[in-house]
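In: Whatever this is, show me its structure:
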Amino acid sequence: MINSTLLEAKVLLLEHDPEQYQVLTDFCQEIGLIALPRSASDALATLGKHKDLGGVLLADNLPCDQGDALQLACAIHKLRPELPIFLRRSSERELSAAEQLAVCQNWNTGDTDTLRAAIDHAIFSLSYPRSLVQGIAELTCSSLVAMFPNAQVVAESPYVVHDRIIHGEVSTLIPIESTWCRGYMMLQTEENALRQGLIQGFSYEGVGGDLNFRELNNMLGETTNLIWGAFKNRYIPPQELSKQQTQVPIVINHQHKYISFGSQDPQLCLRYQLSDPARPGMPPLVIVQRVIFNLHWSPEEFADFEAHAVKAGPTGELDLF
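Out: Reported below is the predicted structural model:
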């Protein structure tokens, strides 16, 4: 039996009816969605601020300053076509071809069963075993502590994302492969925040904030390699891996900070905050980790691997919140 983690996902909530707003707020809390309530006028701006969303909940009669809610749905889809839009219908008007393309699922007011089934299929389509998510967080925290020994490292609660927008300016990408998975791991952060963290003395003595961008890239690269080594030791068995060598192109658009791995599946996302215990008022350095099983993912094969794997030793304490 696979003990899966009920991961969260952030959704943009565009609902104006007070009764339906309360229903959807309760609904989101029940199934593990983090709702970001916004008005129509704030919707597109919110997309620019939040690059780790799982979907959009939209009422078809949402008041809009310009156009209507369906035009807003088309605008959201144009900007972020990877985000599924769940449209609450209060009218029987047929949707145009463009509107049908933008909307992932229609659901009638009061029919939250249909909404939940659609969300399970579109947002929570991959199952992540609890032990795997916890293990990745543990080995990543240990690696971050090794690279930044003077920082306090805290892992936020893991969640899934459908967004393909890169966080910050510095990112690394490394393949991961085992008998039960094939894909990639990414680390992403903001260059200035990383430099400020080094100025605060997060890393080893002598590693300050005067590093140029190449040296900052190398630091994040070394961190990524350290995490990959820990992942390899824990999750890659000393035996022949899958001979399945299917590859898909990875598309990167630097202007729009967009990356696609050729799969519509949700990605596992973990955020880590590095802070100075002596200066709690300083903003933390945030490092975003994404694990993308775009080439092969089998929780059943992971369960079989885990059942026969040699248990790893203790890795230290881990804070999740």
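In: Just the terminal-to-terminal distance for stretch 7-21.
Out: 23 Å (CA to CA, to the nearest Å).
In: model confidence over stretch 46-64, on average?
Out: What stretch 46-64 shows for mean pLDDT is 94.
In: typo on my end, it should be stretch 119-139
Out: For stretch 119-139, the mean confidence score works out to 93.
In: Tell me how far that stretch lies from the chain's centre.
Out: 11 Å (CA atoms, centre = their mean, to the nearest Å).
In: Tell me, how many residues neighbour the residue lying closest to residue 236 once chain neighbours are set aside?
Out: Leaving aside its chain neighbours, residue 236 sits nearest to residue 178 (4.8 Å; criterion: CB to CB, 6 or more residues apart in numbering). For every residue, glycine as well, the C-beta is placed using N, CA and C. Per other CB atoms under 10 Å, the neighbour tally for residue 178 reads 19.
In: What segments of the stretch 101-250 of the chain are helices?
Out: Applying DSSP state H, counting those that start in this stretch to the stretch 101-250 of the chain gives helices spanning 112-122, 130-147, 191-199, 213-235.
In: which strands and helices sit next to the last one?
Out: If I follow you right, that is helix 213-235. helix 130-147, strand 170-177, strand 181-189, helix 191-199 (3 or more CB pairs under 8 Å, 6 or more residues apart in numbering; DSSP states H and E).
In: which element is the residue nearest the centre of the chain on?
Out: By CA atoms, centre = their mean, the mean C-alpha position of the chain lies nearest to residue 269, the distance being 3.2 Å. Under the criterion of DSSP states H and E, residue 269 resides in strand 267-275.
In: Can you list the strands that that strand pairs with?
Out: strand 152-155 (antiparallel), strand 159-161 (antiparallel), strand 285-297 (antiparallel) (DSSP bridges).
In: Same list (these) but as CSV, adding mean pLDDT.
Out: CSV is the format used below for the strands paired with strand 267-275 (pLDDT from 0 to 100):
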stretch, mean pLDDT
strand 152-155, 95
strand 159-161, 94
strand 285-297, 94
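In: Would you mind saying which of those strands lies nearest residue 38?
Out: Residue 38 lies closest, by CB to CB, to one member of the strands paired with strand 267-275: strand 159-161, at 17.9 Å.
In: these two touch, right, residue 79 and residue 45?
Out: No: look at residue 79 against residue 45 with CB atoms under 8 Å: they stay out of range, at 11.1 Å.
In: Could you check which of the two has the larger neighbour count?
Out: Comparing residue 79 with residue 45 by other CB under 10 Å, the one with more neighbours is residue 79, at 14 against 10.
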